[in-house]
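Asks: Let's see this in three dimensions:
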Amino acid sequence: MPLSQANKQDSPVTVYTPDSSLSDPRRLLREMIAELRNSRELASALFHRDLKAQFRQSILGYAWLFFPPIATTLIWFFLNSSGVVKVADTGMPYPAFVMIGTLLWQAFLDSLTKPITSLTKAKVMLVKLNFPRIAPVLAGIGETTLTSAIRLVLLVPIFIFTGIDASWTILFFPFVYLAIILLGTAIGSLLTPIGLLYTDIARAISLLGQLAMYATPVVYPIAKSGMLSLVNRINPVTYLLETGRATLVGGPFDVVMMSLVISAIAFIVLLIGWVIFHITVPRIIERMGM
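Replies: Numbering: from 1, shown residues only. So this is what the prediction gives:
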């Protein structure tokens, strides 16, 4: 076979039509599944590369994963025990309460920002090369899921230190953890197209995410009254955090049904975000390369 013919057959061809992909949902679904399937090898390679490079130039390496939650727990334990900040009864030793909340909140925040930061980091490669655009995002989500799971090892010494006996319901904790990753990724996927155009979005998410921690019962129990109580109860992360704590120590499971509803909504939002990503991101990248 002539080389010119081989190149024509091997090179992907993009055909633009005036019809929107949304006009044929079945074709759109096939395209999305094909893109997902074709991105597996590249996403795996990017995942391993980024994981190794994350702390390559650091003396302490992966130990840096553990410093932020440990520092947060120590600071809030000191503030509470010294009386500078008076926290209501949490139903468990306060260090364990803060550690669990911090670990789950960080997992949510990382999964929220990762889709945008992964594409932004790969922007030069995206403009110059033709490959499945979802590959860097999949690699980023995989990296966040793994590194956040590694941090959960801190629960072992904190439970031993505080004398908490883990309940058999801990078997359900991985599902709550994945639901938090799902919620963060779903919201992040909706913001990714505009975040790819404007770097302000990623910076704003990072800043607002730190502030939003105090609107979520991470270091304090759900407020019983006042404006903070309303803020806590309209915050979807609240219910997943509370359910996560409950699975570790054996209850109470007052908000399990709400957590299931939020998880189902997050899954639907993720699908919507995936559709928006599939339609808009290739066009945004082409405009960036003009």
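Asks: which stretches of the stretch 101-250 of the chain form helices?
Replies: In the stretch 101-250 of the chain, the segments counted as helices under DSSP state H, counting those that start in this stretch are 123-128, 135-151, 155-162, 173-197, 200-212, 226-234, 236-249.
Asks: buried set for the second one?
Replies: Read it as helix 135-151. Along helix 135-151, these residues count as buried under the neighbour rule (16 or more other CB atoms under 10 Å): 135-145, 147-148, 151. Heads up, the C-betas are built off the backbone N, CA and C, glycines and all.
Asks: per-residue pLDDT, the one residue sitting closest to the centre of the chain?
Replies: The residue lying closest to the centre of the chain (CA atoms, centre = their mean) is S111, at 1.3 Å. Looking at S111, its pLDDT is 93.
Asks: Distance of it relative to A223?
Replies: S111 sits at a distance of 25 Å from A223 (criterion: CB to CB, to the nearest Å).
Asks: Near T117, how many other residues are there?
Replies: Applying other CB atoms under 10 Å, we find 20 residues neighbouring T117.
Asks: list the helices and strands the helix of greatest length in the chain packs on?
Replies: What stands out as the longest helix in the chain, according to DSSP state H, is helix 256-288. Where contact means 3 or more CB pairs under 8 Å, 6 or more residues apart in numbering; DSSP states H and E, helix 256-288 is packed against helix 25-38, helix 123-128, helix 173-197, helix 236-249.
Asks: hey, which of the ones you listed is tucked in deepest?
Replies: Across these, the average number of neighbours (mean count of other CB atoms under 10 Å) peaks for helix 236-249, which reaches a mean of 23.
Asks: Could you list every helix and strand in contact with it?
Replies: Judged by 3+ CB pairs under 8 Å, 6+ apart, the packing partners of helix 236-249 are helix 94-121, helix 173-197, helix 256-288.
Asks: now do 10 Å
Replies: Counting contacts by 3 or more CB pairs under 10 Å, 6 or more residues apart in numbering; DSSP states H and E, helix 236-249 is packed against helix 94-121, helix 155-162, helix 173-197, helix 226-234, helix 256-288.
Asks: now it and helix 256-288, what's the angle there?
Replies: 130 degrees (axes from the mean of the first three to the mean of the last three CA atoms, to 10 degrees).
Asks: could you check the angle helix 226-234 makes with helix 236-249?
Replies: Counting by the same axes, to 10 degrees, helix 236-249 lies at 80 degrees to helix 226-234.
Asks: how many degrees apart are helix 236-249 and helix 200-212 in direction?
Replies: Calculated by the same axes, to 10 degrees, helix 236-249 forms an angle of 50 degrees with helix 200-212.
Asks: hmm, back to that, can you say which two of the buried residues of helix 135-151 are spatially most distant?
Replies: Spanning the widest gap among these are A135 and R151, at 25.1 Å by CB to CB.
Asks: Flag the shaky bits of the protein, pLDDT-wise.
Replies: Within the chain, the stretches with pLDDT under 70 are 1-24, 55-61, 288-290.
Asks: Can you lay out the helices of the stretch 101-250 of the chain as a markdown table showing distance to P95?
Replies: A markdown table is the format used below for the helices of the stretch 101-250 of the chain (distance: least, CB to CB, whole Å):
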| stretch | distance to P95 |
| --- | --- |
| helix 123-128 | 41 |
| helix 135-151 | 15 |
| helix 155-162 | 6 |
| helix 173-197 | 18 |
| helix 200-212 | 21 |
| helix 226-234 | 21 |
| helix 236-249 | 13 |
